[in-house]
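Q: Sequence below, structure please.
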Amino acid sequence: MATVMSPRNSSGSRVIEVEERINKELKSLVKDIWRVGDPAKPQVPFGQLFDDDDVQQHYEGLAATLKAAKKRGIVTYKSPILLKGAHDKVMVNLVDQSPLGTKKGDSDELGSS
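A: The predicted structure is shown next:
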């Protein structure tokens, strides 16, 4: 006989799974902004980030990932939405401007990507 999980347990584990995936995506986004943008500043124009081959292959919805990062205080940008073409010059800025690898735990994250 198959074990039946209660809906409460099932949805709780799904929420945890989604949160873990979002956190992983946001960490990758920070790395991509540093990689694609100006090495001296933690910022990149949306169009340049959008056009990057690695970014295109990795993110299912870059604008949605950026919106989640903005809500969590990871990035800032001066547009309510980001659309390719119309918002290519909008600068996406990292709130934490310390270079990658300078904070505790960064070297572990860099090695795992």
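Q: okay, CA-based contacts and neighbour counts for the rest of this
A: Will do.
Q: Let me see the ranges of the strands in this protein.
A: Ranges of strands in the chain, per DSSP state E, are 43-45, 75-76, 91-94.
Q: Now mean neighbour count, distance to residue 60 and mean pLDDT too, for the ones you listed, in TSV please.
A: Below are the strands of the chain laid out as TSV (neighbours: other C-alpha atoms under 10 Å; distance: least, C-alpha to C-alpha, whole Å; pLDDT from 0 to 100):
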stretch	mean neighbour count	distance to residue 60	mean pLDDT
strand 43-45	22	19	94
strand 75-76	20	18	94
strand 91-94	22	18	94
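Q: Next, count neighbours for residue 34.
A: 20 (other C-alpha atoms under 10 Å).
Q: what's the closest non-adjacent residue to it?
A: Nearest non-adjacent residue to residue 34, counting by C-alpha to C-alpha, 6 or more residues apart in numbering: residue 42, 5.7 Å away.
Q: and residue 73, how many neighbours?
A: By other C-alpha under 10 Å, the residues close to residue 73 number 12.
Q: and the gap between it and residue 35?
A: 20 Å (C-alpha to C-alpha, to the nearest Å).
Q: so can I have JSON lines of the strands of the chain showing distance to residue 83?
A: Below are the strands of the chain laid out as JSON lines (distance: least, C-alpha to C-alpha, whole Å):
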{"stretch": "strand 43-45", "distance to residue 83": "12"}
{"stretch": "strand 75-76", "distance to residue 83": "16"}
{"stretch": "strand 91-94", "distance to residue 83": "13"}
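Q: between the ones you listed, which one is nearest to residue 15?
A: Set against residue 15 and scored by C-alpha to C-alpha, those come closest in strand 75-76, at 23.2 Å.
Q: Would you mind measuring from residue 35 to residue 86?
A: Noted for residue 35: a distance of 23 Å to residue 86, by C-alpha to C-alpha.
Q: Look at the two and report which has more neighbours.
A: The neighbour count for residue 35 versus residue 86, taken as other C-alpha under 10 Å, is higher for residue 35 (15 against 9).
Q: dump the residue contacts of the nearest residue to residue 78 once chain neighbours are set aside.
A: Distances taken as C-alpha to C-alpha, 6+ apart put residue 90 closest to residue 78, at 6.9 Å, once the chain neighbours are dropped. The contact partners of residue 90, by C-alpha atoms under 8 Å, 6 or more residues apart in numbering, come to 45-47, 77-79.
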